[in-house]
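Asks: Structure, please.
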Amino acid sequence: MDMITTAPPHAAKAAADQGGRDRRLLFWGCFTVLVASAFGFVFRSFLMDGWGMQFGLSKTQQGEIFGVSFWPFGISIVLFSLVIDKVGYKSAMIFAFACHCASVLLTVMATGYWMLYFGTLLFALGNGAAEAVVNPVVATMYPREKTKWLNILHAGWPAGMVLAGLLGIALIHFHVRWEIMIGCILLPVIAYGWMIMGKQFPVSERVQAGVSYLDMVREVGILGILLIVSLCVFQAGSLLNWSLAGKIAVTLGITAAAGIVVKSWGRPMFILLLLVMVLLATTELGTDSWITDLMTPEMARMGLQGGWVLIYTSLIMAVLRFYAGPIVHRFSPLGLLAVSAAVAFAGLHFLSWSTGAMILVAATVYALGKTFLWGTMLGVVAECFPRGGVLALNFTGAVGQVGVGVIGAVILGFVQDKQLDKNLVRYDAENQTALHATYLTQERRSLFGEYRVLDNARLETAPVAAKETIRDVREGAKKDALRTVSIFPVIMLLCYLGLIFWFSRRGGYKPVLLAPAESHPSSNN
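Replies: Predicted structure coming up:
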């Protein structure tokens with residue numbers, strides 16, 4: 001008779017405890033990755049004006065440095081999502097860690113525009129590679145509570161905004177050199193490196209279930225590929241001055257080549273969620289810069305810096321995301337998205353007419369509305385399309401990030417410019433002035449049509465009264481534009497209600513769980 005040996009009970013318990021500790025440490029390492037991303041974003045925002053004076057940067061150059069914070073993120077997360085199951089999570093995290101460290105070093109040593117530009121570019125590439133890891137890792141570790149834990153994970157971004165905002169304000173108050181502020185980005189970078197690098201990463205659900213790579217791509221399908229490729233190509237093409245025909249040709253060429261292999265249009269509900277993600281990202285990310293700009297004059301009248309509003313709203317989001325579990329349980333993921341869209345609509349409308357201290361109340365309503373949008377959308381995708389693996393999950397985030405730059409931000413800017421045009425014409429008619437004909441003379445064309453912008457050179461020599469009037473009309477145009485853009489969360493609400501009805505006809509919303517095909521060890525790649 002063969003002797004069967006088993007581990008002593010205390011040894012098995014110790015191994016289980018160690019596994020639980022490793023999983024918790026891996027989760028908080030993923031959380032700290034988003035904190036590090038927020039540190040880089042906030043500190044660069046604080047320092048840009050100072051860099052402009054120190055290095056002689058024009059506003060256009062400053063805008064280019066800001067812009068390179070976003071589009072490489074989307075491209076990086078897409079490219080890593082295509083290969084991450086092959087190269088391994090750990091390889092992607094090593095790349096992200098190296099990019100973040102090199103970015104800080106290059107920025108601290110900067111002597112001009114190009115070093116600042118490439119320092120920001122490296123940081124964005126690191127952010128994309130890291131996010132290609134953290135979302136699928138957390139979804140894999142908590143397969144039965146994906147929405148809850150993805151919301152908690154994404155509390156890292158607003159938590160980082162709060163910490164970086166407070167630290168940045170303190171460093172500026174004590175006139176600390178800007179190089180030290182940038183160096184502080186290494187604090188969360190080194191922290192996540194220590195927490196993650198020595199740990200074993202789980203094998204993704206898709207791999208555990210034996211779903212092939214091609215089947216994963218088929219979940220996304222030709223339409224999903226067309227959407228993400230078009231966004232990335234239009235973003236890159238704009239930077240490289242490609243013609244519209246060239247952008248379309250490259251997009252269709254890449255999509256057609258992929259379609260020959262994939263031979264699937266993609267899951268209809270997933271394609272719908274991708275389209276909704278563009279509206280969601282515009283509602284959450286695209287309007288943030290407007291809202292901060294709107295609140296700064298009102299805050300200044302109360303003797304406060306506009307930056308405190310960002311800290312305040314970020315704190316609301318961070319705290320609420322930590323309590324996502326019972327809230328998701330109360331509403332269900334789609335129910336929570338519907339409620340959030342309705343509150344975001346109310347918040348945008350509230351902001352469009354609020355003044356004085358009431359603007360803080362309006363900002364609170366808006367923050368409540370946008371708190372659960374991003375993490376819950378990722379949770380719904382992860383729960384409904386686990387066969388799509390990292391590709392479905394990360395394409396959703398990438399569509400949001402790139403979409404807000406290619407489509408959302410352009411729409412927001414176009415609406416604001418058109419509203420300024422309309423409001424200035426009305427002001428001239430009511431007050432017998434000619435401000436519109438005198439100062440709004442620069443004609444431009446965008447993807448959404450023609451518009452006029454202010455001639456800043458002429459405005460600089462305008463009388464003080466004219467400058468003040470145009471400033472007031474411009475602020476009113478921003479508020480009017482917020483009211484116009486609030487249609488986005490209304491469309492989102494209708495889509496979520498439609499999905500709730502669709503699921504109710506099929507027994508209700510239930511996460512899809514994949515049964516493991518065989519036992520898989522943790523990945524050390």
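
Asks: quick one: low-confidence parts of the chain?
Replies: 1-19, 59-60, 288-298, 305-306, 409, 446-448, 517-525 (pLDDT under 70).

Asks: Strands of that one, start to end?
Replies: For the chain, applying DSSP state E gives strands covering 442-446, 449-453.

Asks: so what does the longest helix anywhere in the chain touch, helix or strand wise?
Replies: Of all segments of type helix in the chain, defined using DSSP state H, the longest is helix 9-55. Packing contacts for helix 9-55, counted by 3 or more CB pairs under 8 Å, 6 or more residues apart in numbering; DSSP states H and E, involve helix 59-67, helix 89-108, helix 113-141, helix 146-153, helix 156-173, helix 178-183, helix 186-197. To be clear about C-beta, it is placed using only N, CA and C from the backbone, and glycine gets the same treatment.

Asks: Just name the most buried of those.
Replies: Highest mean neighbour count of the helices and strands packed on helix 9-55: helix 146-153, a mean of 26 (counted as mean count of other CB atoms under 10 Å).

Asks: Also compute the angle for that one relative to helix 9-55, please.
Replies: Angle of helix 146-153 versus helix 9-55, following axes from the mean of the first three to the mean of the last three CA atoms, to 10 degrees, is 50 degrees.

Asks: So which residue is smack in the middle of the protein?
Replies: The C-alpha lying nearest the average C-alpha coordinate of the chain belongs to Gln401 (CA atoms, centre = their mean; 4.9 Å).

Asks: what residues are up against the residue nearest to Val390 when sequence neighbours are not counted?
Replies: Distances taken as CB to CB, 6 or more residues apart in numbering place Pro136 nearest to Val390, at 4.3 Å, with adjacent residues excluded. Shown here is Pro136, whose contacts under the criterion CB atoms under 8 Å, 6 or more residues apart in numbering are Ile84, Tyr89, Ser204, Gly389, Val390, Leu393, Asn394.

Asks: and with 7 Å instead?
Replies: By CB atoms under 7 Å, 6 or more residues apart in numbering, the residues touching Pro136 are Ser204, Val390, Leu393.

Asks: Could I get those residues in a markdown table, plus columns for neighbour count and distance to Asn456?
Replies: Compiled in a markdown table, the contacts of Pro136 are given as follows (neighbours: other CB atoms under 10 Å; distance: CB to CB, whole Å):
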| residue | neighbour count | distance to Asn456 |
| --- | --- | --- |
| Ser204 | 24 | 51 |
| Val390 | 28 | 45 |
| Leu393 | 27 | 43 |
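
Asks: closest to Ala367 among these?
Replies: Minimum separation from Ala367 among the contacts of Pro136 (CB to CB) is found for Leu393, which lies at 25.1 Å.

Asks: Please point out which parts of stretch 236-255 sit buried.
Replies: Going by neighbour count (16 or more other CB atoms under 10 Å), the buried part of stretch 236-255 is Ala236, Gly237, Trp242, Lys247, Val250, Thr251, Ile254, Thr255.

Asks: do you know which of the helices and strands packed on helix 9-55 lies nearest Thr433?
Replies: Here helix 59-67 is closest among those (CB to CB), at 27.8 Å.

Asks: Show me what the closest one packs onto, helices and strands only.
Replies: Packing partners of helix 59-67 (3 or more CB pairs under 7 Å, 6 or more residues apart in numbering; DSSP states H and E): helix 9-55, helix 113-141.

Asks: repeat that for 10 Å
Replies: Contacts defined by 3 or more CB pairs under 10 Å, 6 or more residues apart in numbering; DSSP states H and E place helix 59-67 against helix 9-55, helix 113-141, helix 213-239.

Asks: closest one to Gly408 among these?
Replies: Closest among the helices and strands packed on helix 59-67, once you apply CB to CB, is helix 213-239, at 10.6 Å.

Asks: Could you measure from the nearest residue to Gly379 once chain neighbours are set aside over to His154?
Replies: Distances taken as CB to CB, 6+ apart place Thr147 nearest to Gly379, at 2.9 Å, with adjacent residues excluded. Thr147 sits at a distance of 11 Å from His154 (criterion: CB to CB, to the nearest Å).

Asks: which residues do those two both contact?
Replies: Common contacts of Thr147 and His154, defined by CB atoms under 10 Å, 6 or more residues apart in numbering, comprise Ala324, Phe372, Gly375, Thr376, Leu378, Gly379.

Asks: tell me the two of the residues you listed that are most distant?
Replies: In terms of CB to CB, the shared contacts of Thr147 and His154 reach their longest pairwise distance at Ala324 and Leu378, which sit 11.8 Å apart.

Asks: Can you work out which residues contact both of those two?
Replies: Overlap of the contact sets of Ala324 and Leu378 (by CB under 10 Å, 6+ apart) consists of Thr147, Leu150, Asn151, Leu153, His154.

Asks: Next, the contact list for Met269, please.
Replies: Per CB under 10 Å, 6+ apart, neighbours of Met269: Val380, Val381, Cys384, Phe385, Leu499, Trp502, Phe503.

Asks: What is the neighbour count of the closest residue to Val402 other than its chain neighbours?
Replies: With sequence-adjacent residues excluded and distances taken as CB to CB, 6+ apart, Val402 is closest to Gly74, at 3.5 Å. For Gly74, the count of nearby residues is 30 (other CB atoms under 10 Å).

Asks: Now do the same contact list for Ile311.
Replies: Ile311 makes contact with Val42, Pro158, Met161, Val162, Leu163, Ala164, Gly165, Leu166, Gly168, Ile169, Gln305, according to CB under 10 Å, 6+ apart.

Asks: what's the farthest-apart pair in these?
Replies: Greatest spacing in the contacts of Ile311, by CB to CB: Pro158 and Gln305 (18.3 Å).

Asks: May I have stretch 173-190 exported as CSV, CA atoms only?
Replies: The C-alpha coordinates for stretch 173-190 follow below in CSV (Å, rounded to 0.1, in the frame of the first residue of the first chain):
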residue,chain,number,x,y,z
HIS,A,173,4.2,77.6,-0.2
PHE,A,174,7.7,76.9,1.2
HIS,A,175,9.3,77.8,-2.1
VAL,A,176,10.9,74.4,-2.6
ARG,A,177,12.7,73.8,-5.9
TRP,A,178,10.6,72.3,-8.6
GLU,A,179,13.2,69.5,-9.1
ILE,A,180,12.4,68.2,-5.6
MET,A,181,8.6,68.3,-6.4
ILE,A,182,9.2,66.1,-9.5
GLY,A,183,11.5,63.9,-7.5
CYS,A,184,8.6,63.2,-5.1
ILE,A,185,6.9,61.2,-7.9
LEU,A,186,9.5,58.5,-7.1
LEU,A,187,7.8,57.9,-3.7
PRO,A,188,4.8,56.1,-5.0
VAL,A,189,6.8,54.6,-7.9
ILE,A,190,9.3,53.0,-5.6
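
Asks: list the contacts for Ala78?
Replies: Actually, residue 78 is Val rather than Ala. 128, 132, 225, 228-229, 231-232, 391, 394-395, 397-399, 401-402.

Asks: ignore the last one, Phe41
Replies: If you count contacts by CB under 10 Å, 6+ apart, then Phe41 has Phe66, Ser69, Phe70, Thr120, Phe123, Ala124, Asn127, Trp157, Gly160, Met161, Ala164, Ile185 around it.
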